[in-house]
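> structure, please.
(chains A, B and C)
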Amino acid sequence: MFDWPLLQQNAPLLLDALWVTLQVSIAALAIGFVIGVIVGSLRLSPVPLLRRLGGAYIFVFRGIPLLVQLLFIYYFLPRIGLPNVSPTVAAVIGLSLAAGAYIAEIMRGGFMAIPGGQLEAAGLLGLNARQMLLRIRVPQAVRLTLPSLVNEMILLIKASSLVSVVGLADLTRTAQNLAASDYMFVQDYLMLAGFYCVINIPLAYCGSVLERRLKERGA
Amino acid sequence: MIFDPTIVTEHLGDIGSGFLVTLGTWSSGVVLGMALGMLIAVAQVFGNSLVRAPLRVFIELIRSTPFLVQLFLIYYGGPSFGLSLDPVPAGILGLGVYGSVYFAEIFRSGFDSVARGQLEAADCLGITRLQCIWRIQVPQMLVIILPALVNMITVLCKETAVLSIITIPELTMVLTGIGSETFAFVETLLMLCIGYLILVELCSRLGMLLETRVGRFMNRQAR
Amino acid sequence: MNSFLIPGGGASAEPRKQASEQQGDSMKTSATAPGEQPTILSLSKVGKSFGQLRVLKGIDLEVRRSEVVCLIGPSGSGKSTLLRSMAFLEEYDEGQIHIEGKLLGWQETDKGRKRAPQSQINQVRRNVGMVFQQFNLWPHMTALGNVCEALRQVRKLSADEARKRGMAMLDKVGLAHKADNYPAQLSGGQQQRVAIARALAMEPHIMLFDEPTSALDPELVGEVLQVMKTLAKEGMTMVVVTHEMGFAAQVADSVIFLDQGEVVTRGTPRDIFHNATQPRLQQFLQNYLDRNAFWQDGGK
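The predicted structure is shown next:
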């Protein structure tokens, strides 16, 4: 059932593709984090218009399937005058926008969990809103929501399996190409699954350790 | 970017059938997922460790791998195991298996949320495990897990888009096909986006409605 | 009625006055010689409602430089709301609060008054420092980090300057050796002292204390009160909401008794604690005695 020599031959190719997947996922997490902090803050703004803006962003980017979002980017970018965007950039943009919506909700929860007195004290000491956000709210919100953020990373890595739609040769696309040429579907796709497991299972373990530690510390 | 509504009217039939396929696979996947999920949850909560260990492995594998990869294994890899499925059954099976793991987690937390004392009381009265689950735990936990269930059902709705990759003629495949034929990408993609947003919004509205209805029932009963 | 004070406890303002004579021209005033120091904080007919409930009614108050004012009263009397209004953490609805002559929180226009822009509010309360019941330290920064944060971000001091000033403040409250500890590693009393240091670092002209020891275990209350006594001796203007009658008796220049949102009476500690005439005040003090005096001289 398993063609070992073929497996050994394919493995390095998949390893290279794994690197692509990881790069894209990490980049999307970073940019998505920035988007998430911004949109999360918008959702908590005293200005109703800003709140609705944040809400609209989350509604759109969580409501539309990621595949459709990526298709949109693939067909849309050339039309607004960016025909030569590399698949990597398109993939990162697509994943970031979606990740931003999920992270916004995570961050919003984190922001709301910070005791209000700390912000009162900060305001009284003269810190402005930007300083409060960057120095007090974001660091603490991240600490409080770290398990959820780790979970988001796992989701991103899985979601990245769809980026072949914008032409990027990620882990899944590479496996598809291999299977198309050697017809060893079970073997190739099991290897593919294996690669994802190797990354995601340790990440999930980290997440649950973090979650346990957070509960112990009692926040 | 001129919006040309005739695209829609010309292909209404195809779009309609694509929509129906989406609805069909979605609901079948949800039903299958919840059924399997309940089985898994019951096995985890009430089964012995011989049963729990392989289940744990199964759950971790499904949760660590992308839905698309699971679909590929079922659809393309299945024949090697004697499982030659058409795209649609393969898609429904994929959705069901993928969803079952998450539903199981939700059901498990639901079981935990029903206070221990009630189970002990039932036990003392001689009520069997099965009766206890069905008559005491499930009704109560449904209210508590309803939001999580609605959320997961919504997630499965969005995952049906991925089914287009294994050539299931659901909404995404139909509309992108029309887009490629007529080069009317903006119109078709916009329709696609709006279509899913409507589905998602309907789902969450229904969910909220259910929550208030069932919640009212529960509050009246409790205490 | 019983002297409020447990037999043997001296309740005069003497010790403070002596200390104050050591200070150059920032002459301390006692409540018996008003008018020598500039008014730092003044409230005029201040009122506040939460919906239908009137929490503050027509409060008039003046606090002069170096004066220590203690607000006492039963819970629900509005003391905390009043104190928080002085920092505009609660928006008062009626009346005016002036800090060093400037109106706090509102702007008078010909169409009535509207909320002042945040920058203006911050400007007016720049020299107000506040210490909270729940300390409100930032848990992800060390003690020194907490103290230096505003110095760096608001006063724009360099890292070195901030560090120097921060360590000096921590030293002042006796916690220089805990500079690199996180709040979670400090006792409640230590955390509150760090909070005091944090407020002091900004060199406020007036310090507000909102029940600073109420959240502390009894053994830890003393160290915080000690710091506050030292501050008072050095001439800091302080407004303190407290249940610690001993502190009020020993340190305050004037004590204000609030009940149901209004000032019932104001006077020196001697007036309030020895010569209480108001029935509500008497009731309040008697309740306190019943709860706290652990020996009585049988009503003598």
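> and stretch A:31-41, C-alpha only, in CSV?
The C-alpha trace of stretch A:31-41 is given here as CSV (Å, rounded to 0.1, in the frame of the first residue of the first chain):
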residue,chain,number,x,y,z
ILE,A,31,-1.3,41.6,10.2
GLY,A,32,-4.6,40.1,11.4
PHE,A,33,-3.5,41.0,15.0
VAL,A,34,-3.1,44.7,14.1
ILE,A,35,-6.4,44.7,12.3
GLY,A,36,-8.0,42.9,15.2
VAL,A,37,-6.7,45.4,17.7
ILE,A,38,-8.1,48.3,15.6
VAL,A,39,-11.4,46.7,14.9
GLY,A,40,-11.8,45.5,18.5
SER,A,41,-11.2,49.0,19.8
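> what's the neighbour count on C:P279?
9 (other Cβ atoms under 10 Å in any protein chain shown). C-betas here are computed from N, CA, C, even on glycine.
> spell out which residues of chain A are next to chain B.
Proximity of chain A to chain B, by Cβ under 8 Å from any Cβ of the partner chain, involves residues A:1, A:59-60, A:62-68, A:71-72, A:75-76, A:79, A:154, A:158-162, A:172, A:175-176, A:179, A:185-186, A:189-190, A:192-193, A:196-197, A:200-201, A:204.
> B:L197 is in contact with A:P65, isn't it?
No: assessed by Cβ atoms under 8 Å, B:L197 is found out of contact with A:P65, at 10.3 Å.
> distance-wise, check the residue of the stretch 1-150 of chain C found nearest chain B relative to C:D93.
For the stretch 1-150 of chain C, the residue closest to chain B is C:G51, as judged by Cβ to the nearest Cβ, at 27.0 Å. C:G51 is 11 Å from C:D93, where distance means Cβ to Cβ, to the nearest Å.
> next one: C:L83
Using Cβ to Cβ, C:L83 is found at 16 Å from C:D93.
> more neighbours: the two, which one.
Using other Cβ under 10 Å as the criterion, C:L83 and C:D93 rank with C:L83 on top: 20 against 14.
> right, is the helix or strand hosting that one up against chain A?
According to DSSP states H and E, C:L83 maps onto helix C:79-86. No: judged by Cβ under 8 Å from any Cβ, helix C:79-86 and chain A are separated, with a smallest distance of 8.7 Å.
> can you pull the residues of chain B lying near chain A?
Residues of chain B lying close to chain A by Cβ under 8 Å from any Cβ are B:1, B:60-61, B:63-70, B:72-73, B:76-77, B:79-81, B:158-162, B:164-165, B:172, B:176, B:179, B:185-186, B:189, B:192-193, B:196-197, B:200-201.
> one step back: among the residues of chain A next to chain B, name the buried ones.
Among these, those classed as buried by neighbour count (16 or more other Cβ atoms under 10 Å in any protein chain shown) are A:59, A:62-68, A:71-72, A:75-76, A:154, A:158-162, A:172, A:175-176, A:179, A:185-186, A:189-190, A:192-193, A:196-197, A:200-201, A:204.
> quick one, helices of chain A?
A:4-43, A:48-63, A:66-79, A:87-112, A:116-124, A:129-131, A:138-159, A:171-182, A:185-217 (DSSP state H).
> which positions in the fourth one come out as buried?
Meaning helix A:87-112. Neighbour count says helix A:87-112 has A:87-108, A:110-111 buried, by 16+ other Cβ under 10 Å.
> pLDDT below threshold where in chain A?
A:1, A:218-219 (pLDDT under 70).
> so who does the residue nearest to B:G33 when sequence neighbours are not counted touch?
Nearest non-adjacent residue to B:G33, counting by Cβ to Cβ, 6 or more residues apart in numbering or on different chains: B:G99, 2.8 Å away. Counting by Cβ atoms under 8 Å, 6 or more residues apart in numbering or on different chains, B:G99 touches B:29-30, B:32-34, B:36-37, B:152, B:156.
> now do stretch C:133-150: distance from first to last residue.
The straight-line separation of the ends of stretch C:133-150 (Cα to Cα, to the nearest Å) is 20 Å.
> is chain A contacted by that stretch?
Yes: interface with chain A: stretch C:133-150 contributes C:134, C:136-140, C:149-150 (Cβ under 8 Å from any Cβ).
> lowest-confidence helix or strand of chain B?
Each helix and strand of chain B was given a mean pLDDT (mean pLDDT, DSSP states H and E); the minimum falls on helix B:116-124 at a mean of 64.
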